[in-house]
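Novice: Sequence and predicted structure below; questions after.
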Amino acid sequence: MEGIHVQGVWMAEALQQSCGDWRDLLLVASHLGDPKAAVLLIFPVVFYLHRRTGIAVLWVAALSEWVNLVLKWILFGERPYWWIGESGLFSGSPPQVQQFPSTCETGPGSPSGHAMVSAAVWWVIVSPLASLCCARTGRSASYKLISALPYLLYVMFLGCVGISRIFILAHFPHQVLAGLLAGQKFDDTESKICST
């Protein structure tokens, strides 16, 4: 595991050096991916627009956040910011990384709750939206591109959230990937909730 952590730290350092101009956007993506944002920002808007989907968003946010907390205490992943100092591996050549207000999160880090809850909640919104786009645009090839647009935006948003969590040293890359994969497991939950 030590090798994976070392590679994750070097990846975070490379991200901070190459994406420094995108700092503000990545910090906003991290805040939008926060599980609290699903309940405080996303749920009211979606509930106003479509009641059934809004209720599904609330349920999926609560369930995925709960499962994330259980997984964190079972898997107990390290946090990069703390691990750099505690490991003692970087005493000779420490990585040139920046600290941000959200960097110093405490508690277990695996899987990423931001990635997991975002993947689960936004899937609840994207799936019906894509179906609606497909139904309204027909079956021609050019319109299929329009119906794929919600999925493209979904992937781009999750990519920004994941990169932002690595960028601010809140998670190692494997923790973000675990969160994204675990969040996708809520597809069945979403369909059961929406069908009731």
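Specialist: Received the coordinates, thanks.
Novice: what packs against the host helix or strand of residue 55?
Specialist: Here residue 55, judged by DSSP states H and E, is contained in helix 51-75. Contacts defined by 3 or more CB pairs under 8 Å, 6 or more residues apart in numbering; DSSP states H and E place helix 51-75 against helix 35-37, helix 43-49, helix 113-137, helix 173-184, helix 187-195. (Each C-beta comes from the backbone N, C-alpha and C, glycine too.)
Novice: How about the residue minimising distance to the centre of the chain: what's its closest non-neighbour residue?
Specialist: Nearest residue to the geometric centre of the chain (CA atoms, centre = their mean): residue 115, 1.9 Å. Take residue 115 and drop its neighbours on the chain: the residue closest to it by CB to CB, 6 or more residues apart in numbering is residue 179, 3.2 Å away.
Novice: confidence score at residue 135?
Specialist: Residue 135 carries a pLDDT score of 69 in this model.
Novice: I should have written residue 180 there, sorry.
Specialist: The model's pLDDT for residue 180 equals 95.
Novice: gap between it and residue 86?
Specialist: Taking CB to CB, to the nearest Å as the measure, residue 180 and residue 86 are separated by 26 Å.
Novice: Which one's more surrounded, the two?
Specialist: residue 180 (21 against 10; other CB atoms under 10 Å).
Novice: Tell me the spacing between that one and residue 68.
Specialist: Taking CB to CB, one finds residue 180 at 12 Å from residue 68.
Novice: shared neighbours of these two, which are they?
Specialist: residue 116 (CB atoms under 8 Å, 6 or more residues apart in numbering).
Novice: coming back round to it: now the helices and strands packed on helix 51-75 in a markdown table, with distance to residue 81?
Specialist: Listed next are these as a markdown table, based on distance: least, CB to CB, whole Å:
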| stretch | distance to residue 81 |
| --- | --- |
| helix 35-37 | 20 |
| helix 43-49 | 30 |
| helix 113-137 | 15 |
| helix 173-184 | 13 |
| helix 187-195 | 32 |
